[in-house]
Structures are given as structure tokens and as C-alpha cells.
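In: this is a predicted model, with the sequence first.
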Amino acid sequence: MIQRRTTNISKRGQPVEIRLDSPYIVVTDPILLVKLAHLFAELPPSSECDPSEVLLGVLARSHMRMFFGCYKVTDFEPGLYGFDVADIVSASDERPEGAEGSLAFIDVETASMAAVDYDHLPAFSGMMTWEDYKDAMLTEVGDTRLFDEVAERLGGPYFAVIMSPGIASPYEFKGDGTYTLVPGAVHRVDED
């Protein structure tokens, strides 16, 4: 029997898959994972808190002017989930004043995003330096060795990394800017 390979890295607009143990997926620019690793390391498990409230506290303590998103999967059961790059839509013109109390927006300054299971965020956020991300993103399409090593250390693909497919692509995710995920975008994937 051929074992199915999870595709949690997207460099040219491919859909991504992510294993989830919690119904919460955090989506952010990878630079924030590096800059806020010390705050993410302190996150309590989702079974003991309201992750949205905890993450809003992280934003407040960080004094960062960038946003990250937190999305809850409905009808959740642990397993494999996915979403398409087409589900990442521009929100640059939509973010209202006072949006600091919202986890619906994702600010991107590195033309890439990381999506991470909330319960694995404390471990994942400290696993890679910014240089690691840059090196991994500059590899050839299909070369996921560094990310594969991280997934192995983490115990599975509890994260996905999405690089902008470029300004000539048909997707709204063109690079730097403010984005959001289409409601209901994260969906269960058949593991057969």
C-alpha cells in the first residue's frame, strides 16, 4: 500500500493540508512566529482556555503593529484538514479602525504565511529561525526537507507554509498586504 504524503508546503498556489488536534488554526506571517516565540511558548492548551482571548492578549503584550488570524474549524474532529490558496483573500481595504480586537486579519510582510494548529504553536514557534524560513523558502519547488524535519520533530504536519505564488498568479494572495481566510475555508480532508 502506498502511503499518502501530506502536502503542507505551497510555493506555487498548491492547496495545503495540516493535521489538527485542536479546532483552532493560527495563521500568521512566519516573521511573527520568530519574533513572538517567547510569548507563544507560554500558551495554555485549547482545552483549558479560549484561544481567541489568549491570542488577543499575546497581541496586546507584543506591542506589534502586525496582525495574525485565528480561525475555528466547525464540526471539528482531530485529523487532516486543508485549504486552498484561493481561500486567502485580500483584506487591505476591509480592515476597519479599531480592528485590534479582531483575529480575522493576517498582515504579511514576507510574502508568506504559516498556518499552525493552536495546540502545537508553542513548540512550533521556536523550532525555526528567520534564516531557516528564508533558506527553506528559497529551495526548489518540491524540496521540503527542512519543513519535513520540523514536522518530524513536531510529531506530524501540524503546520503549513504558504508562499505567495506571485503577482502574475490568479490568486489574491500576491505577497505583502493584509489578508483573511474565506469563512469555512478550512475543511476536512479524506486520508485514504
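Out: Arrived safely, thanks for sending.
In: so after the helix or strand of the chain with the lowest mean pLDDT, what's the next helix or strand?
Out: Every helix and strand of the chain was ranked by mean pLDDT, DSSP states H and E. The lowest is helix 130-137, at a mean of 81. Once the chain leaves helix 130-137, the next helix or strand it forms, by DSSP states H and E, is helix 145-154.
In: in that next one, which residues are buried?
Out: The neighbour-count check on helix 145-154 (16 or more other CB atoms under 10 Å) flags 146-148, 150-151, 154 as buried. Every C-beta, even on glycine, is put in place using the N, C-alpha and C of the backbone.
In: what comes into contact with stretch 124-136?
Out: Stretch 124-136 has contacts (CB atoms under 8 Å, 6 or more residues apart in numbering) with 30-31, 33-34, 36-37, 40-41, 110, 112, 116, 144, 146-147, 150, 153-154, 158-159, 161.
In: quick check, pLDDT for residue 98.
Out: Note on residue 98: pLDDT of 55.
In: check which helix or strand the spatially most central residue of the chain maps to.
Out: In the chain, the C-alpha nearest the mean C-alpha coordinate belongs to residue 115, at 1.3 Å (CA atoms, centre = their mean). In this assignment (DSSP H and E), residue 115 forms part of strand 112-117.
In: chain center to that strand: distance?
Out: How far strand 112-117 lies from its chain's middle: 1 Å, per CA atoms, centre = their mean, to the nearest Å.
In: residues contacting the residue nearest to the centre of the chain?
Out: Here residue 115 is in contact with 16, 18, 25-27, 83, 159-162 (CB under 8 Å, 6+ apart).
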